[in-house]
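Give me the fold of what follows.
(chains A, B and C, ligands or ions: 2)
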Amino acid sequence: MDPVGAVLETVGLTKFFGMVRAAEDLSLRFQEGELVGIVGPNGSGKTTLLNMITGYVKPDRGRIRFQGKDITGLLPRAVADLGIARSFQMPQLYLSLSVLENLVLALAIRAGRARGFWTPLVRVDRLDDARRILVQFGLEEHASHDAGQLPEGARKLLDVALSFARRPRILLMDEPTSGVSARDKSKVMDTLVPVLKGTGVTTIFVEHDMEVVERYAERVLAFDEGKVVASGSPDAVLADPAVRRALLGRP
Amino acid sequence: MAIALAGLALFLVVPPFLPEWITFLLTLAWAKALAVLGIVLLLRGGLLTFGHALYYAVGAYTAGFAVKFLGVHDGLVVLVLAVVTGAAASALLGLLLARYRGMHFGLLNLAFSMVLYAILLKFYAVTGGTDGLRLPTPLLAGVKPAAAHLRLTIYYVTVVLTALLLYVAYRFTASPLGYTLRAVRDNEVRVEYMGASVRQAIYCSYIVAGVLASVGGVLAGFSVGHIVPEVSFWTQSGEFVFVALLGGTGSVLAPVAGSIVFEFVRNYAFKYSPYTWQMTLGLVLLIIIFFLPGGLWSLTGMVRRWIR
Amino acid sequence: MSAGLTFTYGVVRILNLAHGNLYALGAYMGAWLVLGWGSNAWPVLSYLLLFLAAVVIGVTAGPVIERLFLRRVYGKAEEIQILLTFSILLILEDVIKLAWGVSPLFADKPYTYMGVVRLGGVDYAGYPFLLTGIAVVTGLLLWLVVTRTRFGKVLVSVITDREMSAALGVNVPRIYTLAFTLGAVFAALGGAFTAPMFSLVPGIGAEVIVVSFAVVAIGGLGSIGGAALGAVLVGLARATAVHLVPELDLFAIYLIMALVLLFRPQGLFGQVEARRI
Ligand SMILES: Nc1ncnc2c1ncn2[C@@H]1O[C@H](COP(=O)(O)OP(=O)(O)O)[C@@H](O)[C@H]1O
Ligand SMILES: [Mg+2]
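Numbering: from 1, shown residues only, chains lettered A, B, ... in the order given. Ligands and ions are numbered 1, 2, ... in the order given. Here you go, the predicted model:
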């Protein structure tokens, strides 16, 4: 393992989409167990960073290391198997399966049963596990609904729950509270954060709501046009005039 | 489950009292239901093939060749052979096909089935060309069925075997792999992010679907007693697709229901309007797409709700 | 023909299985018009009739299919869309049988009018040259329309970003109908002008769709240049096979297709579209 103990590290990560700069020379380090918030205007490359870490987008240049091991170029599936899970800005769900089935399938795949073709997917132990997670996320009333019928906020929660169910070492969340009602925002974070801290999961979350960032993030990275323009404690970063200009359009 | 078993009992008890031509149509319907079942399984993964008759033909000609060249006369041995050839063919083509979706998947399958059709047609010395091959009455585990009960024996073998495979398919749909396949249809990105392989799920399902059709081909071949290249023609594949939609994809029993309805309707309709047969199929398909997307099987759900 | 297929796909994003039937309809209509009204005194007329046939079929069948059926399944699962065009295919197959019967239809006048061309001491039929000429001209025309005209620009904007174009005031549904109709005309055109070379029998529609799909798959979906190259490759493969091993002419097409797809699954000019997440 890396001497300084960075569990996840990027070196010189660069990505252009044609003329658009989505990432340039990003060298970032994330420590075991920390909770990092990423802020930045739309199109500043936040999602692209998560896409590159999880192998969905191939960087033009640069390396990604997880627990000291080079994971650049691995497919999302392989990255997921190493213990890096993510949620999405637009929820990615199995819309024709019920909420419970969504979760049970996630649990079965985590247990390495994706290829089982004889024993039933829905088993008592998996159901119990799935129900427990649903309760944690306040989704139990939706358990038997199809994911396609859920209101927007609940979809978002289920999306986070699905990645959480993988019990990852690193959890990447892309705007976990966008689309969730103001009241539920703190509820989501209040349920998630203690569990994440309790299990020592390294968490990186992209967030637009400054209050949420300020309250929950231990460290903040501010992005603009594919570069980190400020980093440090939430107070310091959010007070930075350059960040305020980029985010709010005023100092 | 109880209802399914009761239905099966009905199909086992009644036929001795039916005229022979009905037993024959039922045998054919049950056999073809296996090919349709294959299509239904793939459809649950959002994959539509217009060439599934390919595997139906592989099964039928496996039987034909086994009898003609290997001197194998035992039906059960032939069935085992057909499972092997069906699995081998689908495993091979699946390597190429498992990365395609939508129209590519449908038409590449069609292309391969038409290639087989052309082969069957042109290599006369081996395949008998348009004349096809004759399939004599098979032995069953070494025993020759009595001529008087021939139809009925073939019927029972077909029904029992198909019912067994329906059960296998049912287990498959309820298994993690079966669900993963449905998940593939809904969201491939999420499947990969969850650590499952989309390719593998499709590949495995494709082989299962191929084997089912291959067994169906053997059973249908023995019940007709004669096989021709048309079993690989696109119209045969189209018929399977039609029946799959007619029955519905909601249950593994739906293909049987669809298949039986189809065989009987065709038996009559074909007599009266040979020129508008395809048009009728097309129109019915339109009606199903727009008004009954769950197929005939979704009617059972309506009945169930209505009773309550 | 393949240009029409790839073109409609590019815009409407539904690959039309019934495209082969539009081709067949064009062929039958063309042959029928030529047999009925073509006159030996005025050979040009028969070519005009072929053209007329294509336009008539295209502008009647195109809008009807798009407005009545396809419109209802935009945005639905892809297999539903494919099934819909499959049912249209089944219906049109029988429409052709009802209208023109099952006996072969043969109108070779336009073919014989062209006479023979002597090249390097060998006689070639003239008509295939005309056909190639027409194909090249229509291909160029299509390309010009797409790249140079206002309609073409609107079309491209609809293809790249539907919502944005709608927001900018483009009448997207109308563009769909127009594009689909244009595709239908191209299909019928292909049918009408190849009709004089063959005797027409029911079922050519299904055959044609497989071959033209192979063309499109080789070239890459949605790429007009790709379709052209695919057509050339398929034509060459077929010609070579006919010379060397006549039994294998169809195999040659599939062989090329399988080879191309093995190494470039999206076709020669197709683009891999990753979903934005
Ligand atoms: N797959 C892609 N193809 C082309 N451009 C892309 C793609 N993904 C992202 N971009 C562009 O890269 C820039 C950064 O996007 P993104 O990472 O999604 O920003 P953010 O998540 O910070 O809003 C944007 O300008 C976006 O349009
Ligand atoms: Mg984003």
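
Any stretches of the chain with poor pLDDT?
You didn't pick a chain, so chain A it is. In the predicted model, chain A carries pLDDT under 70 at residues A:1-4, A:248-251.

switch to chain C, that's the one I care about
Along chain C, the model assigns pLDDT under 70 to residues C:1-15, C:39-41, C:222, C:224, C:246-250.

all strands for it, in order.
Read by DSSP state E, chain C holds these strands, from start to end of the chain: C:116-119, C:122-125.

Return the distance of the last one from the chain's centre.
Think strand C:122-125. Centroid separation for strand C:122-125 versus its chain: 27 Å, with CA atoms, centre = their mean, to the nearest Å.

What pairs with that strand, parallel or antiparallel?
With DSSP bridges as the test, strand C:122-125 is paired with strand C:116-119 (antiparallel).

Mind listing residues that contact the partner strand?
C:123, C:124, C:125, C:126, C:129 (CB atoms under 8 Å, 6 or more residues apart in numbering or on different chains). C-beta here means a position set from N, CA and C on the backbone, and glycine is covered the same way.

go with 10 Å
Strand C:116-119 is contacted from outside by C:122, C:123, C:124, C:125, C:126, C:127, C:128, C:129, using CB atoms under 10 Å, 6 or more residues apart in numbering or on different chains.

Excluding chain neighbours, what is closest to the fifth one?
Looking back up the chat, that one is residue C:126. residue C:114 (3.3 Å; CB to CB, 6 or more residues apart in numbering or on different chains).

again with the second one
Distances taken as CB to CB, 6+ apart put residue C:116 closest to residue C:123, at 4.6 Å, once the chain neighbours are dropped.

burial of the one you found, as a residue count?
Residue C:116 has 12 neighbouring residues, counting by other CB atoms under 10 Å in any protein chain shown.

what do you get for residue C:146?
Burial of residue C:146, expressed as a neighbour count using other CB under 10 Å, amounts to 17.

quick one: it from chain A, how far?
Computed with CB to the nearest CB, to the nearest Å, the distance linking residue C:146 and chain A is 21 Å.

How about that residue, nearest residue that isn't a chain neighbour?
If you skip the residues right next to it in sequence, residue C:146 has residue C:152 as its closest partner in space, 4.1 Å away by CB to CB, 6+ apart.

How about residue C:166?
Of all residues not flanking residue C:166 in the chain, residue C:172 sits nearest, at 5.0 Å (CB to CB, 6+ apart).

same thing with residue A:32?
Nearest residue to residue A:32 in three dimensions, chain neighbours excluded: residue A:7, at 4.5 Å (CB to CB, 6+ apart).

just checking, the one you found touches residue A:36?
No - shown here, residue A:7 and residue A:36 do not form a contact pair, counting by CB atoms under 10 Å, at 11.4 Å.

which residues do these two both contact?
Taking CB under 10 Å, 6+ apart as the contact definition, residue A:7 and residue A:36 share the neighbouring residues A:30, A:202.

isn't residue A:169 right up against residue A:79?
No - with contact defined as CB under 10 Å, residue A:169 does not reach residue A:79; the gap is 11.2 Å.

rewinding a little: check which helix or strand covers the residue nearest to residue A:32.
strand A:6-17 (DSSP states H and E).

Around chain C, pick out the residues from chain A.
With the criterion set to CB under 10 Å from any CB of the partner chain, chain A comes near chain C through A:47, A:50-51, A:54, A:56-57, A:76, A:86, A:88-90, A:92, A:96, A:174.

Which elements pack onto the strand holding residue A:7?
Here strand A:6-17 is seen to pack against strand A:20-31, helix A:46-53, strand A:61-66, strand A:170-174, strand A:202-206 when contacts are counted using 3 or more CB pairs under 10 Å, 6 or more residues apart in numbering or on different chains; DSSP states H and E.

The residue nearest to residue C:166 against residue C:165, yeah?
Yes - taking CB under 10 Å as the definition, residue C:172 is a contact partner of residue C:165 at 6.2 Å.

any idea how far residue B:197 lies from ligand 1?
Relative to ligand 1, residue B:197 is positioned 22 Å away (criterion: CB to the nearest ligand atom, to the nearest Å).

got a list of what that residue touches?
The neighbours of residue B:197, taking CB under 10 Å, 6+ apart as the test, are A:75, A:77, A:109, A:114, A:115, B:98, B:180, B:184, B:191, B:203, B:204.

and it, what are its phi and psi?
phi -100, psi 120 (degrees, to the nearest 10).
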